[in-house]
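K.L.:
below is the structure, and that's it, no one-letter string:
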């Protein structure tokens, strides 16, 4: 089991690393665009590329953000429940989240496959295959689905969810920056 835990945590870290790389790429594209503009050179496709990288940043960051308890979560009601009721509600909510995210994975993957099938290209100044930037959506959502199922199993075996433990750890340190 420690191997599986390390592998899953590694997967979440790789996904977060891809998010960070996408964010860095947005910065580099924007800086290149500014520098080239000063030389009266246009960076063709920079706006489209930045938009696609923004989507990639968002989707790749989902799983690690979820595991760290930094996604928006309404704990006002659930925090007041008895432990047994809270556990049951956590299971129900995690099952609902798995179904919702699984649906997102299904539809975004089908969209990528359709883009490959029809050889869809961007309509901007640079016509590149759209399946490439679209691929970040099913991959990022797929890693989030794995993270949700990971948490569901934790709750089913009686463990405290990682996102709850992470929030409690931040609160113990006096860090309430993620709390709404």
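P.N.:
Right, received. Where do you want to start? No experiment lies behind these values; they were computed from the predicted model shown.
K.L.:
so what's residue 97 up against?
P.N.:
The neighbourhood of residue 97, defined by C-beta atoms under 8 Å, 6 or more residues apart in numbering, consists of residue 148. Placement of C-beta: from N, CA and C, glycine included.
K.L.:
that one is in what secondary structure piece?
P.N.:
helix 83-117 (DSSP states H and E).
K.L.:
now the spatially most central residue of the chain. Nearest residue, chain neighbours left out?
P.N.:
Most central in the chain under C-alpha atoms, centre = their mean is residue 62, positioned 1.9 Å from the mean C-alpha point. The shortest distance from residue 62 to any non-neighbouring residue, by C-beta to C-beta, 6 or more residues apart in numbering, is to residue 144 (4.2 Å).
K.L.:
got the contact list for the helix or strand harbouring that neighbour?
P.N.:
Element membership of residue 144 [criterion: DSSP H and E] is helix 136-156. Helix 136-156 has contacts (C-beta under 8 Å, 6+ apart) with 8, 11-12, 15, 18-19, 22, 52, 55-56, 58-63, 66-67, 87, 90-91, 94-95, 97-98, 101-102, 104-105, 108-109, 111-112, 160-163.
K.L.:
only whichever of those residues are buried, select them in ChimeraX.
P.N.:
The ChimeraX command for the buried members of these (criterion: 16 or more other C-beta atoms under 10 Å) is given here:
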select :8,11,12,15,18,19,22,52,56,58,59,60,61,62,63,66,67,87,90,94,97,98,101,102,104,105,108,109,111,112,161,162,163
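K.L.:
low-confidence stretches in this structure?
P.N.:
Scanning the chain for pLDDT under 70 picks out 1, 72-74, 177-180.
K.L.:
buried set for the longest helix anywhere in it?
P.N.:
If you go by DSSP state H, the chain has its longest helix at helix 2-38. For helix 2-38, the neighbour count (16+ other C-beta under 10 Å) marks 8, 11-12, 15-16, 18-19, 22-23, 25-26, 29-30, 33 as buried.
K.L.:
that one versus helix 136-156: what angle between them?
P.N.:
Between helix 2-38 and helix 136-156, the angle comes out at 150 degrees (axes from the mean of the first three to the mean of the last three C-alpha atoms, to 10 degrees).
K.L.:
distance between the one helix or strand residue 171 maps to and the chain's centre?
P.N.:
Here residue 171 sits within helix 162-172, counting by DSSP H and E. Distance of helix 162-172 from its chain centroid, counting by C-alpha atoms, centre = their mean, to the nearest Å, is 19 Å.
K.L.:
that helix - contacts with which helices or strands?
P.N.:
helix 46-67, helix 136-156 (3 or more C-beta pairs under 8 Å, 6 or more residues apart in numbering; DSSP states H and E).
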